[in-house]
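Q: Sequence isn't available, so here's the structure alone:
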């Protein structure tokens with residue numbers, strides 16, 4: 001295994017770290033204040049000016065669309081290290097660099113499967129950052145952890161598809177820049193269960209599309225929103241099909257490998273930020289006659305955190321390397337494993353850091369509580385832990401079943 005960075009990635013890493021130190025970290029309290037002002041004015045999902053400024057600065061520095069290999073010429077290992085840096089400020093750094101989910105995953109799908117017309121209309125504006133998008137898959141009325149349960153109907157009627165159903169946790173749909181929804185629904189109910197679904201491109205302003213509400217997550221309301229959306233007799237041209245009819249799951253799998261690397265390395269970045277804050281707090285705070293850092297229990301918490309971070313990082317980097325070497329399909333078990341390990345490690349480190357900070361750790365004076373909410377959500381989004389554990393177990397048992405036969 002070789003985790004060394006390319007010369008280009010080494011240069012990019014230095015640029016990203018400089019961008020974070022010079023602009024992103026100082027912008028965090030400004031972003032929080034501007035969001036509070038917008039929320040108070042009833043404009044919960046408007047883009048704060050400081051984020052617009054960061055976007056302009058990232059573009060000027062060439063820190064743009066780094067997640068997409070054909071744009072950045074970076075490997076998965078290369079970008080994984082950059083994603084870790086952005087995870088240290090997960091609410092604004094990825095957004096500033098046009099590397100924020102779900103847009104990054106949607107751009108990957110469009111890059112891989114879109115027609116020339118679809119690319120011109122949707123991919124190019126997304127790459128340019130002039131529009132945003134949502135990914136509409138999860139449904140409130142079925143257990144969406146089993147994606148074959150997805151029940152939203154996509155029925156062909158002449159030269160159009162008619163869509164009916166209800167989705168939720170469509171991240172990005174509340175952003176005023178959002179123009180596109182990628183919708184997964186059942187188009188072929190009589191086909192084998194993994195050939196029943198398709199993906200279609202639905203402009204947000206299509207008649208029958210209604211954003212019902214933006215859902216809070218642990219009480220926090222993200223700027224881009226996590227939306228419940230109803231689709232009532234929504235009609236789009238058959239040319240809005242993404243990929244082939246009945247191939248929705250195959251299309252979805254193409255975005256999950258690299259996308260999970262991004263999620264997991266950002267989780268490692270969250271953990272690094274939490275540990276950094278914990279160490280600074282332990283060294284600066286006095287209790288029971290000396291610095292907190294002199295207390296054995298605090299030292300153990302710091303040591304446990306460092307060890308968990310290193311284990312998670314190495315496993316994610318190994319998986320990124322495997323994807324680069326043998327592709328997503330042959331790294332399936334490893335991709336599932338990191339989706340469990342990295343958020344768990346981040347949560348453990350964040351929890352210890354909150355504990356070391358005492359009361360301050362649960363307030364919004366520090367970013368720990370909100371970052372914790374993001375890390376906890378990662379154990380559900382993009383497939384819950386239980387599904388990934390099931391995948392790892394099945395792949396492990398298959399090795400022995402094959403050997404026995």
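A: In hand now; what should we look at? Nothing here was measured: the structure is a model prediction, and the numbers come from that model.

Q: Residue 301 versus the residue of the chain most remote from its centre, what's the distance?
A: The centre of the chain is farthest from one residue, residue 289, which by CA atoms, centre = their mean lies 43.7 Å away. Separation of residue 289 from residue 301 (CB to CB, to the nearest Å): 19 Å. Using the backbone N, CA and C atoms, a C-beta is placed for each residue, glycine as well.

Q: Can you tell me the element residue 323 falls in?
A: Element membership of residue 323, judged by DSSP states H and E, is helix 296-326.

Q: tilt between the next helix or strand after that helix and helix 296-326?
A: Using DSSP H and E, the next helix or strand after helix 296-326 towards the C-terminus is helix 332-357. Here the directions of helix 332-357 and helix 296-326 differ by 160 degrees (axes from the mean of the first three to the mean of the last three CA atoms, to 10 degrees).

Q: Could you name the helices and strands sitting against helix 332-357?
A: Contact here means 3 or more CB pairs under 8 Å, 6 or more residues apart in numbering; DSSP states H and E; on that basis helix 332-357 packs against helix 248-284, helix 296-326, helix 368-377, helix 385-404.

Q: Give me the mean pLDDT for the shortest one.
A: In this case it means helix 368-377. For helix 368-377, mean pLDDT is 96.

Q: Show me what that helix is packed against.
A: The contact analysis (3+ CB pairs under 8 Å, 6+ apart) places helix 368-377 against helix 248-284, helix 332-357.

Q: Identify each buried residue in the helix holding residue 323, please.
A: For helix 296-326, a neighbour-count test (16 or more other CB atoms under 10 Å) marks 298, 301-302, 305, 308-309, 312-313, 315-324 as buried.

Q: same thing with stretch 25-40?
A: Residues 25, 27, 30, 31, 32, 34, 35, 38 are the ones in stretch 25-40 that count as buried (16+ other CB under 10 Å).

Q: For residue 346, give its distance to residue 258.
A: Counting by CB to CB, the gap from residue 346 to residue 258 is 19 Å.

Q: for residue 281, what are its contacts?
A: Residues near residue 281 by CB atoms under 8 Å, 6 or more residues apart in numbering: 292, 353, 356, 357.

Q: Now with 7 Å, please.
A: Contact analysis of residue 281 by CB atoms under 7 Å, 6 or more residues apart in numbering lists 292, 356, 357.

Q: Surely residue 184 is in a helix?
A: No - secondary structure of residue 184 (DSSP: H, G, I helix; E, B strand; the rest coil): strand, not part of a helix.

Q: Residues in a beta bridge with it, which ones?
A: residue 199 (DSSP bridges).

Q: In this structure it contacts residue 150, no?
A: Yes - counting by CB atoms under 7 Å, residue 184 touches residue 150, with 5.9 Å between them.

Q: shared neighbours of the two, anything?
A: Common neighbours of residue 184 and residue 150 (criterion: CB under 7 Å, 6+ apart): 137, 197.

Q: Compare the two (neighbour count), which wins?
A: residue 184 (26 against 21; other CB atoms under 10 Å).

Q: for this protein, which spans come out with low pLDDT?
A: Residues of the chain that meet the criterion pLDDT under 70 lie in 402-405.

Q: So residue 346 and residue 258 - more neighbours on which side?
A: Each of residue 346 and residue 258 has its neighbours counted (other CB under 10 Å); residue 346 has more, 31 against 24.

Q: which parts of stretch 263-279 are buried?
A: 263-275, 277-279.

Q: Backbone torsions only: list them for residue 32.
A: Note on residue 32: backbone dihedrals following degrees, to the nearest 10 are phi -60, psi -40.

Q: Setting aside sequence neighbours, what's the nearest residue to it?
A: residue 364 (7.0 Å; CB to CB, 6 or more residues apart in numbering).

Q: any chance you could read off phi and psi for the one you found?
A: Torsion angles at residue 364 (phi, psi; degrees, to the nearest 10) stand at phi -100, psi 10.

Q: count of neighbours near it?
A: That count, for residue 364 with other CB under 10 Å as the rule, works out to 11.

Q: Can you give me the distance of it to residue 245?
A: 47 Å.

Q: With residue 290 instead?
A: 68 Å.

Q: These two: who's more crowded?
A: Neighbours were counted for residue 290 and for residue 245 using other CB under 10 Å; residue 245 has more, 18 against 9.

Q: A helix includes that one, no?
A: No - per three-state DSSP, residue 245 lies outside any helix segment and is coil.

Q: Kindly provide the distance from it to residue 181.
A: Going from residue 245 to residue 181 by CB to CB gives 18 Å.

Q: wait, residue 131 sits on residue 125?
A: Yes - applying CB under 7 Å, one finds residue 131 in contact with residue 125, separated by 4.5 Å.

Q: how about the strands in the stretch 101-250 of the chain?
A: Ranges of strands in the stretch 101-250 of the chain, per DSSP state E, counting those that start in this stretch, are 132-136, 153-157, 160-171, 178-186, 197-203, 209-214, 226-237, 241-242.

Q: elements contacting the fifth one?
A: Meaning strand 197-203. When contacts are defined as 3 or more CB pairs under 7 Å, 6 or more residues apart in numbering; DSSP states H and E, strand 197-203 packs onto strand 160-171, strand 178-186, strand 226-237, strand 241-242, helix 248-284.

Q: Just name the most buried of the ones you listed.
A: strand 178-186 (a mean of 25; mean count of other CB atoms under 10 Å).
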